[in-house]
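below are the sequence and a predicted model; questions follow.
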Amino acid sequence: MTDKELANLIYPNITKTPEDYEKIYPKRDLKEGAVVTRFAPSPTGFVHMGSLLTTLIARKIPDETNGVFILRIEDTDQKRSVENGITGIVDDLNNFDIKIDEGALSETEEIGKYGPYIQSNRKEIYECYAKSLIERGLAYPCFCSAEEIEETRKIQELNKERIGYYGSFAKCRDLSNEERAERIKRGDPYIIRLKSPGVYEKKVVFNDLVRGKIVFPENDLDVVLIKSDGLPIYHFAHVVDDHLMRTTHVLRGEEWLSSVPIHLQLFDILGFELPKFAHLGLVMKIDEETGQKRKLSKRKDKEAAVSYYHEQGIPVEAVKLYLMTIGNSNFEEWLNQNPGRDYNEFKFDFKKMSASGSLFDLEKLINISRNYISRLTAQEVYDNALKYTEEFDKEFYDLLIKYKDYSINMFNIERNQKKPRKDYAKYSDIRPYTWYMFDELFDKEKGEYDWQEIKDIEEIKKILKLYLEKYYNEEDDEQTWFERLKDLSEELGYAREVKDYKENPDKYKGHVGDISMVLRVAMSTKSQTPNLYQIMKLFGKKRIRERLKKIK
RNA sequence: GGCCAGUUGGUGAAGUGGCUUAACACACCGCCCUUUCACGGCGGCAUUCAUGGAUUCGAAUUCCAUACUGGUCACCA
């Protein structure tokens, strides 16, 4: 029995040939230097921080080169697939404002001419290539059970031999086609394996965009191509898809590095042009229990899910900026020199990419986020706060809506200046910083008044009373306002200037700072607030009186 | 265990043979500014680049060993 007859026995319904697919998915007509990348996640629900880094770059390079960015769904493992997993991924990408040129849009829709983009819908394509490999004697059906494989592995371990299905350990490799046909007809379960032409003692060299030249032993493993459920294994799907989708650059995590020899071999025997590869360092974190560095884990680490940042109200732009600083070591410097510029204007360079996995640093992200928010206009902060609170804090959202102009003015305090305040690192910080500005929240959420130097309530009442009667004038500019506080201080026996007090502490009861602190705490209950004058300006006469009257 | 990669401070890192008595940023610590806080300013924070050896007039930078860390060795991706 010939290989061709065997192939026909296994795949009688496959009539297309690899040549047909070459015509269906022709070479892309793109400008010189245009890069085609793809993000190829499994639909397990959400996008991981590490994948987001890869995705960001995979999106950025086509942007820089007039290329194409594809979203391909790798759902060949039905056990792992999650319901609405594709939607979850698409939502995460949308949240991060990463647009796709081609690929899946939802569980059922897609865009682009190189589809289907969901692997489970590409079954017959893989079968076609599997068939052609069988015809050429480069693949064969394997009838080994999981138990048999396990047994072989144990023997190999015992004898300290290299583990795997290869050479003489590949029991089904040298079966005759007659026997193969007989067992297939008999209904024995089987899978399709590669008949690897590799020799372990030989070396393959390949050039990784991030790591440079790497030498591996050739692959001699008869890896699985098609599983018993008829779907392909990652390696096979990757090679077929990235060829047919005309991917030029394969970006993926470092965890794939060790299977590169398999991929090189597959590209080779299939006659496919080899894309460029970039294996990115993993995003790590220190395990709290063991103290060891490890890969950021979807299951263990809440901060691994990109949705976490959405829930925290950390602007997606800040997360992207942070990831870019991890991604390209010269990005941060560039950003400092070009504050406020969009990261898309930065030119990405694989050479500036670290090969070692970096620890995920939430502090740094927070800092970047703080700086990012400080550069926004009050209107932008308002709009973003609105979006955030609408989803996560309806009560505060209603207040922001009700007091729109007031809120914008509030966000504008100490914002329109060369070095703006940096109070908020995330939108969830806004409420804890500003609740006292809203009367609806003030009575409800105020705790104890945080009096500082002047604690005596009679003295406080005296100060406030005198202030309202004699020294408060709504029309005052900031300088005059403060002058009047000094006058008040003087009248009550406090120093006009802090310096004077420090030089002669015995002469005074305190100083103007203590007086203004009384006013500050009386207004807000807090001893730490933004510029008091501006807060009072915002409140207006009536609300100031009301606030001060609450001190009893 | 085999194979592969990585190893510069608490963190991200610059650095590709002399310009490095190791940049920058985050964190931390001082001081200054200041009516609070924040901002800002100034200064401190690796005599040393995992360890050992070799090459060289000279090495974080080249080479070789060793150690450690990570990844991978599935009909998972």
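All right, it came through fine. Numbers count the residues shown, from 1 in each chain, chains lettered A, B, ... in the order given.

sheet partners, orientation included, of the helix-or-strand element of chain A with minimal mean pLDDT?
Here the helix or strand of chain A ranked lowest by mean pLDDT, DSSP states H and E is strand A:293-295, holding a mean of 76. Sheet pairing for strand A:293-295, assigned by DSSP bridges, gives strand A:283-286 (antiparallel).

buried stuff in the strand it pairs with?
By 16 or more other C-beta atoms under 10 Å, the buried positions in strand A:283-286 come out as A:283-285. The C-beta positions use only the backbone N, C-alpha and C, and glycine is treated the same way.

A:N207 is in what secondary structure piece?
strand A:203-208 (DSSP states H and E).

and that strand, average pLDDT?
Across strand A:203-208, pLDDT averages out at 90.

go on, stretch A:22-40?
94.

what residues sit buried inside that stretch?
For stretch A:22-40, by 16+ other C-beta under 10 Å, it's A:25, A:30, A:34-40.

I'd like these laid out as CSV, including distance to RNA strand B and secondary structure.
What follows is those, written out as CSV (distance: C-beta to the nearest atom of the strand, whole Å; DSSP: H, G, I helix; E, B strand; the rest coil):
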residue, distance to RNA strand B, secondary structure
A:Y25, 20, coil
A:L30, 26, coil
A:A34, 25, coil
A:V35, 21, coil
A:V36, 19, strand
A:T37, 16, strand
A:R38, 12, strand
A:F39, 11, strand
A:A40, 6, coil
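
name the nearest residue to A:D63, sequence neighbours excluded.
Counting by C-beta to C-beta, 6 or more residues apart in numbering, A:N344 is the residue found nearest to A:D63 once chain neighbours are left out, at 6.4 Å.

wait, is the one you found part of a strand?
No: counting by DSSP: H, G, I helix; E, B strand; the rest coil, A:N344 is not part of a strand but helix.

mind checking how far it is from RNA strand B?
20 Å (C-beta to the nearest atom of the strand, to the nearest Å).

phi, psi for the residue in the stretch 151-300 of chain A that RNA strand B sits nearest to please.
Of all residues in the stretch 151-300 of chain A, A:S228 sits closest to RNA strand B, at 3.2 Å by C-beta to the nearest atom of the strand. Reported as degrees, to the nearest 10, the phi and psi values for A:S228 are phi -70, psi -20.

show me where the stretch 251-400 of chain A has strands.
Applying DSSP state E, counting those that start in this stretch to the stretch 251-400 of chain A gives strands spanning A:276-280, A:283-286, A:293-295, A:358-359.

in the longest one, what counts as buried?
I take that to be strand A:276-280. For strand A:276-280, by 16+ other C-beta under 10 Å, it's A:276-280.

need the residues you listed in JSON lines (columns: pLDDT and distance to RNA strand B).
What follows is these, written out as JSON lines (pLDDT from 0 to 100; distance: C-beta to the nearest atom of the strand, whole Å):
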{"residue": "A:K276", "pLDDT": "95", "distance to RNA strand B": "17"}
{"residue": "A:F277", "pLDDT": "94", "distance to RNA strand B": "12"}
{"residue": "A:A278", "pLDDT": "93", "distance to RNA strand B": "12"}
{"residue": "A:H279", "pLDDT": "93", "distance to RNA strand B": "8"}
{"residue": "A:L280", "pLDDT": "92", "distance to RNA strand B": "10"}
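
could these go into a markdown table alongside distance to A:K552?
Listed next are the buried residues of strand A:276-280 as a markdown table, based on distance: C-beta to C-beta, whole Å:
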| residue | distance to A:K552 |
| --- | --- |
| A:K276 | 74 |
| A:F277 | 72 |
| A:A278 | 68 |
| A:H279 | 68 |
| A:L280 | 62 |
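
could you pick out which of the buried residues of strand A:283-286 are near RNA strand B?
Among the buried residues of strand A:283-286, the residues within reach of RNA strand B (C-beta under 7 Å from any atom of the strand) are A:M284.

make CSV out of the buried residues of strand A:283-286 and add distance to A:D477 and pLDDT.
Output for those, formatted as CSV (distance: C-beta to C-beta, whole Å; pLDDT from 0 to 100):
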residue, distance to A:D477, pLDDT
A:V283, 51, 85
A:M284, 54, 80
A:K285, 51, 79
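
could you report the neighbour count for A:N416?
9 (other C-beta atoms under 10 Å).

same check, this time on the one 4 residues further on
Residue neighbour count, defined by other C-beta under 10 Å, stands at 17 for A:P420.

next, it: secondary structure please.
Assignment for A:P420 (three-state DSSP): coil.

that one and A:I373 touch, don't they?
No: A:P420 is not in contact with A:I373 according to C-beta atoms under 8 Å; the separation is 9.2 Å.

where along the stretch 51-200 of chain A do the helices fall?
Applying DSSP state H, counting those that start in this stretch to the stretch 51-200 of chain A gives helices spanning A:85-95, A:123-135, A:146-158, A:177-186.

name the helices or strands packed onto the second one?
In this case it means helix A:123-135. Applying 3 or more C-beta pairs under 8 Å, 6 or more residues apart in numbering; DSSP states H and E, one finds that helix A:123-135 makes contact with helix A:3-10, helix A:18-24, strand A:139-142, strand A:191-194, strand A:224-226, helix A:234-244.

and of the ones you listed, who's closest to A:S369?
Of all those, helix A:234-244 sits nearest to A:S369, with 35.2 Å by C-beta to C-beta.

so the closest one versus helix A:123-135, what angle?
Relative orientation of helix A:234-244 and helix A:123-135, computed by axes from the mean of the first three to the mean of the last three C-alpha atoms, to 10 degrees: 100 degrees.

in stretch A:219-233, what counts as buried?
Buried-residue list, stretch A:219-233, by 16+ other C-beta under 10 Å: A:219-226, A:231-233.
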